[in-house]
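Asks: Fold the following and give me the result.
(one chain, ligands or ions: 1)
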Amino acid sequence: MDEFIALPDLASRAFGGGVVYANDEFFAAADHLVLPTAPVFAPRTFDHKGQVYDGWETRRRRQPGSDVAIVRLGAPGVIRGVDVDTAFFTGNFPPYASIDGLAVEGYPAPAELVEAEWIPLVAKSPLEGDSRNLFAVTDERRFTHVRLTIHPDGGVARLRVHGTPVPDPALLPSEFDVAAIAYGATVTDCSNTFYGHPEKMLMPGLALHMGDGWETSRRRDDGYDWVEIRLAAPAQLSFVDLDTTHFKGNAPGFATLIGKSDKSNWAEILPKVALTPDTPHRFRVESPTVTHVRLDIFPDGGMARLRLHGRPTPGFLDDNFRRCH
Ligand SMILES: NC(=O)NC(NC(N)=O)C(=O)[O-]
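Replies: As a prediction, this is how the structure comes out:
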């Protein structure tokens, strides 16, 4: 039921999500809602408005009503569930919340979003304080925005919107990173996630530090580590980026990439290449159409980013997009 929490957070700032409107931010800015970091709390830290919270917090209502925040998803897609995380809000969490969704094209101004016809995704439901509040969503359509309503007021640390990214094919170039989670790629299996999950190496932008990548524990056997990825679309690959940035004493010594499609067996895409620490490597490749790849690293170590630039099979992303409209 709550398996959706393993799916990417479409609202995350890590994908470029943002809070575009809030009717009240008296105690704490709604921008906190989409931060990818876990919420934190330091007791007895008072600024000019009151206790400092790592979340969105409105003032105590003296008239009936509710407070709202509107979030632009960083990765628009099909929403499978939301997490209204009230971490550290104890005497001031909202007793109820509801969630609505919206699918719009272009870049509407906040005033247009406020007036829009929102689609209910989670009916008004009770919340618990200082805890994650998980709600499944069953609507199969693609959304670009969500609206969090808290009844009547209070504080929410994070709003996580878990689902499957569905990119708009009209806005994609003919060749792009088909391993990007933001476009719908996903990690299907991995040998070792001890220090960092491989999903991190499929996130946008450069890695910020060594914790922002896939890192395995030290191998004490003759094996090697590997990760399997389902691409955003079946594609012919032309470049493989293996970025070991920040991995200075723990980059893998070598790597290979193999790929397969639903109709073909595993075949080599990148032969065994030597890697150097703290380096954004790029390799030119020519691959058949593949739907899955496996990156092998020898014997173990860390990879900040994996990028697979490829030409997707025409029509695949269009069909995908049309299915959820
Ligand atoms: N001690 C508090 O947290 N008080 C209030 N909130 C802040 N941020 O100070 C409140 O009324 O909810």
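Asks: I'd guessed Pro204 sits against Ala14; true?
Replies: Yes. Counting by C-beta atoms under 8 Å, Pro204 touches Ala14, with 6.9 Å between them. No exception for glycine: its C-beta is placed from N, CA and C like everyone else's.
Asks: Which one's more surrounded, these two?
Replies: Shown here are Pro204 and Ala14; by other C-beta atoms under 10 Å, Ala14 has more neighbours (21 against 15).
Asks: What distance do you get for the residue nearest to that one when sequence neighbours are not counted to Asp212?
Replies: Nearest residue to Ala14 in three dimensions, chain neighbours excluded: Pro36, at 4.3 Å (C-beta to C-beta, 6 or more residues apart in numbering). Pro36 sits 10 Å away from Asp212, taking C-beta to C-beta, to the nearest Å as the criterion.
Asks: Look at the two and report which has more neighbours.
Replies: Neighbours per residue (other C-beta under 10 Å) separate Pro36 from Asp212, with Asp212 holding more: 19 against 15.
Asks: List the residues that contact that one.
Replies: Applying C-beta atoms under 8 Å, 6 or more residues apart in numbering, we find Asp212 in contact with 196, 200, 203, 246, 304.
Asks: so which helix or strand takes in Val240?
Replies: If you go by DSSP states H and E, Val240 is part of strand 225-243.
Asks: which residues of the stretch 1-150 of the chain fall in strands?
Replies: 18-22, 56-57, 67-85, 96-102, 119-126, 132-136, 142-151 (DSSP state E, counting those that start in this stretch).
Asks: tell me how far the fifth one is from the chain's mean position?
Replies: Centroid displacement of strand 119-126 relative to its chain, using C-alpha atoms, centre = their mean, to the nearest Å, is 22 Å.
Asks: For that strand, give the mean pLDDT please.
Replies: Per-residue pLDDT over strand 119-126 has a mean of 98.
Asks: cool, the fourth one as well?
Replies: Rounded to a whole number, the mean pLDDT of strand 96-102 is 98.
Asks: cool, stretch 205-223 as well?
Replies: 97.
Asks: Give the buried residues for it.
Replies: 207, 210, 212-216 (16 or more other C-beta atoms under 10 Å).
Asks: The nearest residue to Ser217 once chain neighbours are set aside sits in which helix or strand?
Replies: Nearest residue to Ser217 in three dimensions, chain neighbours excluded: Phe194, at 3.7 Å (C-beta to C-beta, 6+ apart). Following DSSP H and E, there is no helix or strand that holds Phe194.
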